[in-house]
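Novice: Sharing a sequence plus its predicted fold:
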Amino acid sequence: MNLLNKIDAWAGRPVAVLGVSGTRALLGFVGLMFYVSQYGDRRYLFGPGNDTLLPHHLFLDELKGTGSSSVYAWSTSPVAFEVFFHLGLIAALAVTLGIGGRPVLAVHGILLWSLYQRQSALMDGGDNLMQLVIPMLLLTRCYDHFALRSPLGKRMTRRIPEVVRAAGVPLHNLGVAAIAAQMCLVYMVSGLYKVQGQSWQDGTALFYIMRVPEFEFPGVSEFVYNNDLLVYVGTYATVIFLVYFPVGVLVPALRPWAAAASIGFHLSIGFFMGLTGFALTMVACDLVFLSPELARALKAVRRLAARGKDPGARPAESAVEEEAVADVTAGVSGVSGTSDASGQNREPVAAASAE
């Protein structure tokens, strides 16, 4: 009976709504950044002609070999290419701003996947995780925050039957749990894979990585790989962090620290190695573990803004702040089946994924 109560509580309250909303917005921004950065060379990189970086007939052969698909394989018309490319750019912008809901998110995922398939040589690894996470996001309430809501969307939401709305909560929690599990799997597999390498075992892997010309940061990289202590510490710390990240997010007291360490780790990768898309994709997915912390940060920003306008004013509690309180208190109670408020100051994402 206790197990049933846990399941009912877990299925009755959505978790990490603010976190997945941030994930959706940041993933949309990563896609938009890719479209904008390649816009000037789009015809040469992705166009349908045979004078492009990857000629269209070779692109079709590549799709047949991998068994994949792409909307850019449907036509060799330059007009069709421009339509698909600009539709993808608009969809990425809409996802970033929170416009259009899940249908636009699905269109964004399809068009971005198609563009990635058209020129896979430009990918940095973040594309794989993004294409895994977007279908999971479709299950979640990732448009509840950081979104521009229209009156039409609100009216359509109110017309959804209550039964369908009730089914949305467990689906949302399932999507959050899937993202959390996927992130733990990514870190653990990456760490265990590195453990098998000789350069990671003897503590010299960072030396060779920082010397790769494509990833070299002038001045800084040389300073790092010429310092034996930094090389050893950086190499072993990377492996330990990756292998034990799942443990960190499963322990409530360590969860925000593990997620913050992951964000710092990947921001450093984006800064020093230039893998910006990969770094921001990983950061976006880490946000599912930081929903209460995001809510507290937004609350602090609102308080500062209110003080700036009226030093004597006291800002009212918003829906985001109420969600933070619920996530930190009642939400964990639903997962753990306990009611001790003193030990519930934690966010139940990883606990949900573990169950």
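Specialist: Arrived safely.

Novice: In this model L63 seems to touch W74, though I could be wrong.
Specialist: No. W74 lies out of contact with L63 (C-beta atoms under 8 Å); the separation is 11.1 Å. All C-beta spots, glycine's among them, are computed from the backbone N, C-alpha and C.

Novice: And S69, its phi and psi?
Specialist: Phi and psi for S69, reported as degrees, to the nearest 10, are phi -150, psi 160.

Novice: Equivalent analysis for P48, please.
Specialist: According to degrees, to the nearest 10, P48 has phi -90, psi -10.

Novice: how about it, what does it touch?
Specialist: Applying C-beta atoms under 8 Å, 6 or more residues apart in numbering to P48 gives the contacts H56, Y72, S75, T76, S77, P78, A80, F81.

Novice: List the contacts of stretch 98-117.
Specialist: For stretch 98-117, using C-beta under 8 Å, 6+ apart, the contacting residues are 21, 24-25, 28, 31, 34-35, 46, 63, 68-72, 84-85, 87-88, 91-92, 94-95, 123, 127, 130-131, 134-135, 137-138, 142-143, 146-150, 153.

Novice: Kindly write the ChimeraX command that selects the buried subset of those.
Specialist: Per 16 or more other C-beta atoms under 10 Å, the buried members of the contacts of stretch 98-117 correspond to this ChimeraX selection:
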select :21,24,25,28,31,34,35,46,63,70,71,72,84,85,88,91,92,94,95,127,130,134,137,138,142,143,146,147
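
Novice: Out of the contacts of stretch 98-117, list just those in helices.
Specialist: Those of the contacts of stretch 98-117 mapping onto helices are 21, 24-25, 28, 31, 34-35, 46, 63, 84-85, 87-88, 91-92, 94-95, 127, 130-131, 134-135, 137, 153, per DSSP state H.

Novice: Below-threshold pLDDT in this structure: ranges please.
Specialist: By pLDDT under 70, the weakly predicted segments of the chain are 1, 3, 7-8, 10, 150-154, 157, 310-355.

Novice: which residue ranges form the helices in the stretch 201-350 of the chain?
Specialist: For the stretch 201-350 of the chain, the helices defined by DSSP state H, counting those that start in this stretch occupy 205-210, 220-225, 228-250, 255-273, 276-286, 291-309, 319-328, 330-336, 349-354.

Novice: So for R13, which of those helices sits nearest?
Specialist: helix 330-336 (5.3 Å; C-beta to C-beta).

Novice: and L60, how far is that from Y44?
Specialist: From L60 across to Y44, the span is 18 Å (C-beta to C-beta, to the nearest Å).

Novice: And for L230?
Specialist: From L230 to Y44 the distance is 40 Å (C-beta to C-beta).

Novice: and what of K64?
Specialist: 23 Å.

Novice: Looking at the two now, which is surrounded by more residues?
Specialist: Y44 (14 against 10; other C-beta atoms under 10 Å).

Novice: element containing that one?
Specialist: helix 42-46 (DSSP states H and E).

Novice: So which elements touch that helix?
Specialist: For helix 42-46, the elements it packs on are helix 78-97, helix 101-118, judged by 3 or more C-beta pairs under 8 Å, 6 or more residues apart in numbering; DSSP states H and E.

Novice: what is the orientation angle of the longest one with helix 126-137?
Specialist: Counting by axes from the mean of the first three to the mean of the last three C-alpha atoms, to 10 degrees, helix 78-97 lies at 60 degrees to helix 126-137.

Novice: ok, now the last one?
Specialist: On the basis of the same axes, to 10 degrees, helix 101-118 is oriented at 160 degrees to helix 126-137.

Novice: Identify each buried residue in helix 101-118, please.
Specialist: 101, 104-118.

Novice: Please apply the same query to stretch 253-262.
Specialist: Here stretch 253-262 shows L254, R255, P256, A258, A259, A261, S262 as buried, counting by 16+ other C-beta under 10 Å.

Novice: Greatest separation within those residues: which pair is it?
Specialist: L254 and S262 (11.8 Å).

Novice: which among the buried residues of stretch 253-262 gets closest to V283?
Specialist: Nearest to V283 among the buried residues of stretch 253-262, with distances taken as C-beta to C-beta, is S262, at 7.9 Å.

Novice: pretty sure that closest one contacts A284?
Specialist: No. Assessed by C-beta under 8 Å, S262 is found out of contact with A284, at 11.3 Å.

Novice: any chance of the helices and strands packed on helix 42-46 in a markdown table, plus distance to R296?
Specialist: Output for the helices and strands packed on helix 42-46, formatted as a markdown table (distance: least, C-beta to C-beta, whole Å):
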| stretch | distance to R296 |
| --- | --- |
| helix 78-97 | 24 |
| helix 101-118 | 27 |
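
Novice: ok, back up a step: from the contacts of P48, keep the buried residues only.
Specialist: Buried, going by 16+ other C-beta under 10 Å: H56, Y72, F81, out of the contacts of P48.

Novice: dump the residue contacts of the last one.
Specialist: When the contact criterion is C-beta under 8 Å, 6+ apart, the partners of F81 are R43, F46, G47, P48, Y72, S75.

Novice: if you skip the residues just before and after it, what's nearest to the first one?
Specialist: Nearest residue to R43 in three dimensions, chain neighbours excluded: T52, at 7.2 Å (C-beta to C-beta, 6 or more residues apart in numbering).

Novice: Count residues in the vicinity of the one you found, would you?
Specialist: For T52, using other C-beta under 10 Å, the count is 19.
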